[in-house]
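[1] Here's a sequence, model it:
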Amino acid sequence: MADSVDPMNSPDPVEQKQNPMTAIPALAQAATARKPSVVSSVLQRIRHTQPRSSRLPDAAFKGLILLTAASVFAIVVFVVWELVDKSRLSLHQFGIGFFYGHDWDPVNDQYGALPFIFGTLVSSFLALLLAVPLSIGVAVYVTEMCPVRWRSIISFLVELLAAIPSVVYGLWAIFVLAPLLRDYVEPFLARTLGWTGLFTGPIYGIGMLAAGIILAIMIVPIIASITREVLTAVPQNQREAVLALGATRWEMIRMGVLRNARIGIVGGIILGLGRALGETMAVTMVIGNRPEVSKSLFAPGYTMASVIANEFSEATGDLYLSALVEIGLALFLVTLIVNALARLLVWSITGSTGRARA
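    So this is what the prediction gives:
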């Protein structure tokens, strides 16, 4: 039939149907193209309709946070300025020689801070020498070897040491530690290690050694608590991986735990050192309070914090008072230098990226 039309070869243009497989990406692209415009329009509507509720609180919050950050810097600058201003008379009288002068004679107005700087550094580093091994040992035992039922008890007792007032430590050192050192420890050290020159001279029971021991007891809970938290944060798969290679428990602790936690351990030691440098009452009660530089740890000494606490209320002359304020400035500078050196130590371990080197 001539009028019949083959539906397969129709001359009329018939709208081609779109393949569903190709239509889905096209729809996705269209939705993606429309999405930024929708988001931008919403943001524009928020900005134009509610400008106060979106901009002013953000600006106020930004200013408040900036103020709190700048306040720390302002406090440090104010403290330094006040110390320098109040010690101006002593700085003008003695100059830089004040920091390495040996004499401390308020009667003749002769002042030097070297005995106090020496006593502060020696007692603090002696405290670190005694406290660091003990603190790390306590932390390792609590996290790795202690039975579960005893962990909370030991951790509570360690943290309890940090809550004891320093004057209580000082009283305990006078009535318990000093007689123990005088009757047993110092005679033994004099007989066995007297050839070193560090354990010679009269035995009083109080002195640099007693101050170092009491400081070590006071900073043990700080270093031990931080070290324990850092060791707990080490992933368990580190321990399992080292043990799977056939390592012993000691090798696992040394290579899998302590190596990964050394940055945090150094941070805890820095905090403990900061506490030791600034401790006043307990050290004042047992160090002997004699402004001299001695090689022997049996000899009495003096720290910067102790001389300020002992003599500030007795300072009648302007130069005397200015010298004590300058000792406070020296204590601030010593703390700043020690913390800077500790920060350099951390950087040498972590590198510029902040991660521990293998």
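[2] which secondary structure element contains the residue nearest the centre of the chain?
    Among the residues of the chain, the one closest to the centroid is Leu271, at 3.7 Å (C-alpha atoms, centre = their mean). Using DSSP states H and E, Leu271 sits within helix 259-278.
[3] Any idea how far that helix is from the middle of the chain?
    Centroid separation for helix 259-278 versus its chain: 6 Å, with C-alpha atoms, centre = their mean, to the nearest Å.
[4] quick one: buried residues of it?
    Of all the residues in helix 259-278, those buried under the rule 16 or more other C-beta atoms under 10 Å are 260-262, 264-278. For glycine as for every other residue, the C-beta is placed from the backbone atoms N, C-alpha and C.
[5] and the gap between Thr248 and Pro115?
    From Thr248 across to Pro115, the span is 49 Å (C-beta to C-beta, to the nearest Å).
[6] So for the two, which sits in the more crowded spot?
    Between Thr248 and Pro115, Pro115 has the larger neighbour count (other C-beta atoms under 10 Å), namely 22 against 10.
[7] can I have the helix holding Leu271 written out in PDB, keeping just the CAs?
    Only the C-alpha atoms of helix 259-278 are listed here, as PDB (Å, rounded to 0.1, in the frame of the first residue of the first chain):
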ATOM      1  CA  ARG A 259      60.600   6.500  71.900                       C
ATOM      2  CA  ASN A 260      57.200   7.700  70.800                       C
ATOM      3  CA  ALA A 261      56.600   9.500  74.000                       C
ATOM      4  CA  ARG A 262      59.900  11.300  74.400                       C
ATOM      5  CA  ILE A 263      58.600  14.700  73.300                       C
ATOM      6  CA  GLY A 264      55.900  14.700  76.000                       C
ATOM      7  CA  ILE A 265      58.400  13.500  78.600                       C
ATOM      8  CA  VAL A 266      60.700  16.400  77.800                       C
ATOM      9  CA  GLY A 267      57.700  18.700  78.200                       C
ATOM     10  CA  GLY A 268      57.000  17.300  81.600                       C
ATOM     11  CA  ILE A 269      60.600  17.700  82.700                       C
ATOM     12  CA  ILE A 270      60.500  21.400  81.600                       C
ATOM     13  CA  LEU A 271      57.400  22.000  83.800                       C
ATOM     14  CA  GLY A 272      59.100  20.300  86.700                       C
ATOM     15  CA  LEU A 273      62.200  22.400  86.200                       C
ATOM     16  CA  GLY A 274      60.100  25.500  86.200                       C
ATOM     17  CA  ARG A 275      58.600  24.500  89.500                       C
ATOM     18  CA  ALA A 276      62.000  23.800  91.000                       C
ATOM     19  CA  LEU A 277      63.500  27.200  89.900                       C
ATOM     20  CA  GLY A 278      60.700  29.100  91.600                       C
END
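[8] contact partners of it?
    Here helix 259-278 makes contact (C-beta atoms under 8 Å, 6 or more residues apart in numbering) with 120, 123-124, 127-128, 131-132, 135-136, 215, 218-219, 222-223, 225-227, 229-231, 233-234, 238, 258, 305, 331, 334-335, 338-339, 342-343, 345-346, 349-350, 356.
[9] Tell me which residues touch the residue lying closest to Phe116 once chain neighbours are set aside, please.
    Using C-beta to C-beta, 6 or more residues apart in numbering and skipping the chain neighbours, the partner closest in space to Phe116 is Met304 (4.4 Å). By C-beta under 8 Å, 6+ apart, the contact set of Met304 is 113, 116-117, 119-120, 327-328, 330-331, 334.
[10] Among those residues, name the ones in helices.
    Among those, the members found in helices (DSSP state H) are 116-117, 119-120, 327-328, 330-331, 334.
[11] Quick check: the two most widely separated of those residues?
    Largest separation among the ones in helices among the contacts of Met304 by C-beta to C-beta: Gly119 and Gly328, giving 15.1 Å.
[12] the more surrounded of these two?
    Remark: of Gly119 and Gly328, Gly119 carries more neighbours, 29 against 19, as counted by other C-beta under 10 Å.
[13] show me where the stretch 1-150 of the chain has helices.
    20-49, 51-86, 88-94, 114-140, 148-163 (DSSP state H, counting those that start in this stretch).
[14] got the ones you listed as CSV, with distance to Ala190 columns?
    What follows is those, written out as CSV (distance: least, C-beta to C-beta, whole Å):
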stretch, distance to Ala190
helix 20-49, 80
helix 51-86, 41
helix 88-94, 38
helix 114-140, 17
helix 148-163, 30
